[in-house]
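**Q** Got a predicted model here, sequence first, then my questions.
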Amino acid sequence: MQAQTTTAAVTGSLRFNGIGKRFPGVQALADISFVAHPGTVHALMGENGAGKSTLLKILGGAYAPSSGHLQIGEQALSFKSTAQSIASGVAVIHQELHLVPEMTVAENLFLGHLPSRFGLVKGAELRRKALALLKGLADEIDPQDKVGRLSLGQRQLVEIAKALSRGAHVIAFDEPTSSLSSREIERLMTIIARLRDEGKVVLYVSHRMEEIFHICNAVTVFKDGRYVRTFEHMSELSHDQLVTCMVGRDIQDIYDYRPREQGPVALKVDGLLGPGLREPVSFEVREGEILGLFGLVGAGRTELLRLLSGLARTRAGSLELAGRPLPLRSPRDAIAAGVLLCPEDRKKEGILPLASVAENINLSARGANSTLGCLLRGDWERSNADRQIKALKVKTPSPGQKIMYLSGGNQQKAILGRWLSMPMKVLLLDEPTRGIDIGAKAEIYQIIHNLAASGIAVIVVSSDLMEVMGISDRILVLCEGAVRGELPRARANESNLLQLALPGQRSQVPGLSERSL
Amino acid sequence: MSTQNTTLSALRKAPDLRRFLDDWVMLLAAVAIFALCTVLIDNFLSPLNMRGLGLAISTTGIAACTMLYCLASGHFDLSVGSVIACAGVVAAVVMRSTNSVFLGVSAALLMGLVVGLINGIVIAKLRVNALITTLATMQIVRGLAYIFADGKAVGVSQESFFVFGNGQLFGVPVPILITLVCFLFFGWLLNYTTYGRNTMAIGGNQEAALLAGVNVDRTKIIIFAVHGLIGALAGVILASRMTSGQPMIGQGFELTVISACVLGGVSLSGGIGMIRHVIAGVLILAIIENAMNLKNIDTFYQYVIRGSILLLAVVIDRLKQR
């Protein structure tokens, strides 16, 4: 409602007028109305699943809204395709960039309208135009270079240059800093500030609070596909006010931390080296303990888990499980020993999307629960799936439902169910709550706690500071492929964790690593 | 709570109907086409024609059973046509020199198994693309068939060998019985064994299957080895029907088998496939071909019609997924 107070028609404002989007069975967005003004950076915030991405897809023309329309200046718009959106001066810079890695920077910049005569590309003109576009944005990029050879940050700049070459007036960034280095983030911030000063409408989607407070002038908060509130002046807003507005409740209670008894050492890692690790890694985790692994993107957390789960080969060092050496040649070895991994990328590495929920749960344990190791036992198949679905509160219409139709949280629970069907000693969780809504998050934290309480050693990798601090008994901080420090729960706080996680003596760059919810 | 449950069950109804259609629609289509032909074409239902139809189904049907596993795991096998020819030749040549039907058939099956193992090991262990691997073995095995046969058909004189192709049990030709057994066995294998489920898991998401502890490499090798073995069995039956091993036979057969599977609803990208898809696809292709022959439609037109049906089927499948 607050958005409607500034009804004065400002030429060039971007208006969302009652935008709604229905998918079969789901109302993804309902009645979204707010205004983003030229010359401002407008943040869109909300938990995962709040509807930010859907809104950007409507803005970019990838989805047509089911109701309502967009308006730029006085002109009402309704995009039926990405091309229409681009033609109306809108550019959406997605997380996955839409560039062709095998083509040069210049070719990418002018893809679709290469300067040519009789079908022959005019090389010199292409190069000159490309240089002019990149000037001031990224002077060091050679237009003749293949895009595949650029860093992620540089590719993003090429994407921005492409947007500007098409005369974009509205530029929307979707989580632009999620895989950038600190220096690249700094440069991006400068460029965004410049776009703002040039009078563009900039929309900015990010989870990183510090970035939002650093660069944005206004913020609109979404929750469950609905508009919550727009704050027109960032300066009058506190961190806590914003979080409370997003979450709608106090953050602490979702972790539900309870102290537990710890047993003997379950997994001992000694001098481990392998792909992604720069220095030998050594640590221990006890039965009943939850060990958090924190670090920035590229710190080696996922790589470490891949080594522990037998997916990658160790170059040096050894593993011991309950005092016995544990040689790992494949994931099967780790699974047989009871060291089980829930991978980071659920869709790519976790679920069988086309198979049923029951199938996904039973996949690993059925070998041991079959006759002669090959004939399935129908009774076990049914009862095990039912038991896990019930115990983990997986919300599914039936065990036979294809798992791809379930929400991220329920998919994650099904994968946990797969491992709970097995004898488990150590549970490795890589970003267990990424892309999961807050209700399901709380349930998953509960499951992790219960597992630890039953004597299982849990290692949780997370880039979410609040999460790591909320659930871990002890936190190991990785930086650039090496262990930088270890903090017990009582001594861990945002600033000392970040201090350890940041590479070198570089100054603290705004928003580098904090992802709040 | 109760209101929530009723909405849930209302939501559930629609996908159930859809799932039913997805699973059964092609088999129903096969039955409908059969009924249509019965009404419209004279002699379609005659015992002689039914027998011919059954025999036409048998070779494709047997090979399609194991092609289903290749497709369901996200791969395919182009070498099966060559394996069929080579198996017939090997059986004939070995029988000619040893005079033993048992040795001839065993040698043919062994040859198929070895070709399948090579396919499987190269694809699973060396991570070479299945298209290229089986394209290569397709040519190698075809060449070997010509070499073994010295370029021409090798006649078989052992009467007992003809049982596979021309024998009857309770009035039903043996090839048809073997096909039925294959349908039942491989349908059961896919749904009720770890091997079958692991095959589907690999096709559905290989990375996830590996992380879940599925022995991906071994399963793939078995899939191709079994496919080679069963392809050779189809070749032996064909050679028995024709009383000779012919090195030139079965050119393009691999594409007919893959067409049948895809027409029935098996996904080319893996993870979707059931034996009823295979049965439906094999039936539809065979019935239409049979009907066209009875109607004396020119072979050239038959190609066009068969291709159009396949194209239509995959387009419909694509539209269904929207």
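**A** Cool, the structure landed.
**Q** The helix or strand hosting residue A:20: which residues count as buried?
**A** Per DSSP states H and E, residue A:20 falls inside strand A:14-23. Judged by neighbour count (16 or more other Cβ atoms under 10 Å in any protein chain shown), strand A:14-23 contains these buried residues: A:14, A:15, A:16, A:17, A:19, A:20, A:21. C-beta here means a position set from N, CA and C on the backbone, and glycine is covered the same way.
**Q** From the residues you listed, pick the one nearest chain B.
**A** residue A:21 (17.2 Å; Cβ to the nearest Cβ).
**Q** okay, the nearest residue to that closest one once chain neighbours are set aside: pLDDT?
**A** Among residues not flanking residue A:21 along the chain, residue A:29 sits closest, at 4.2 Å (Cβ to Cβ, 6 or more residues apart in numbering or on different chains). With respect to pLDDT, residue A:29 has a value of 87.
**Q** hmm, back to that, pull the CA atoms of the strand holding residue A:20 into CSV?
**A** Only the C-alpha atoms of strand A:14-23 are listed here, as CSV (Å, rounded to 0.1, in the frame of the first residue of the first chain):
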residue,chain,number,x,y,z
LEU,A,14,8.7,1.2,-13.6
ARG,A,15,5.3,0.2,-12.2
PHE,A,16,4.0,-3.2,-11.3
ASN,A,17,0.2,-3.0,-11.5
GLY,A,18,-1.5,-5.9,-9.7
ILE,A,19,0.8,-8.5,-11.2
GLY,A,20,-0.3,-12.1,-10.5
LYS,A,21,1.0,-15.4,-11.8
ARG,A,22,-0.8,-18.8,-11.5
PHE,A,23,0.8,-22.1,-12.3
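**Q** residues in contact with it?
**A** A:27-36, A:54-55, A:58, A:63, A:65-72, A:76, A:170, A:201, A:203 (Cβ atoms under 8 Å, 6 or more residues apart in numbering or on different chains).
**Q** Take these and keep only those in helices.
**A** A:54, A:55, A:58 (DSSP state H).
**Q** The last one contacts residue A:67, correct?
**A** No: here residue A:58 does not reach residue A:67: they are 10.9 Å apart, not a contact under Cβ atoms under 8 Å.
**Q** which of these two has more neighbours?
**A** residue A:58 (28 against 14; other Cβ atoms under 10 Å in any protein chain shown).
**Q** How about the more buried one: what's its closest non-neighbour residue?
**A** Among residues not flanking residue A:58 along the chain, residue A:65 sits closest, at 5.1 Å (Cβ to Cβ, 6+ apart).
**Q** how close does that neighbour get to residue B:161?
**A** Applying Cβ to Cβ, to the nearest Å, the value for residue A:65 to residue B:161 is 70 Å.
**Q** Over to residue B:68?
**A** Taking Cβ to Cβ, one finds residue B:68 at 28 Å from residue B:161.
**Q** go on, residue A:182?
**A** Computed as Cβ to Cβ, the residue A:182 to residue B:161 distance reads 77 Å.
**Q** Likewise for residue B:104?
**A** From residue B:104 across to residue B:161, the span is 7 Å (Cβ to Cβ).
**Q** Quick check: neighbours shared by those two?
**A** Common neighbours of residue B:104 and residue B:161 (Cβ under 8 Å, 6+ apart) are B:91, B:95.
**Q** More neighbours: the two, which one.
**A** Ranked by neighbour count (other Cβ under 10 Å), residue B:104 and residue B:161 place residue B:104 first, with 25 against 21.
**Q** these two touch, right, the more buried one and residue B:97?
**A** No: shown here, residue B:104 and residue B:97 do not form a contact pair, counting by Cβ under 8 Å, at 9.2 Å.
**Q** Residue B:314: how many residues sit nearby?
**A** Under the criterion other Cβ under 10 Å, the count of neighbours that residue B:314 has is 14.
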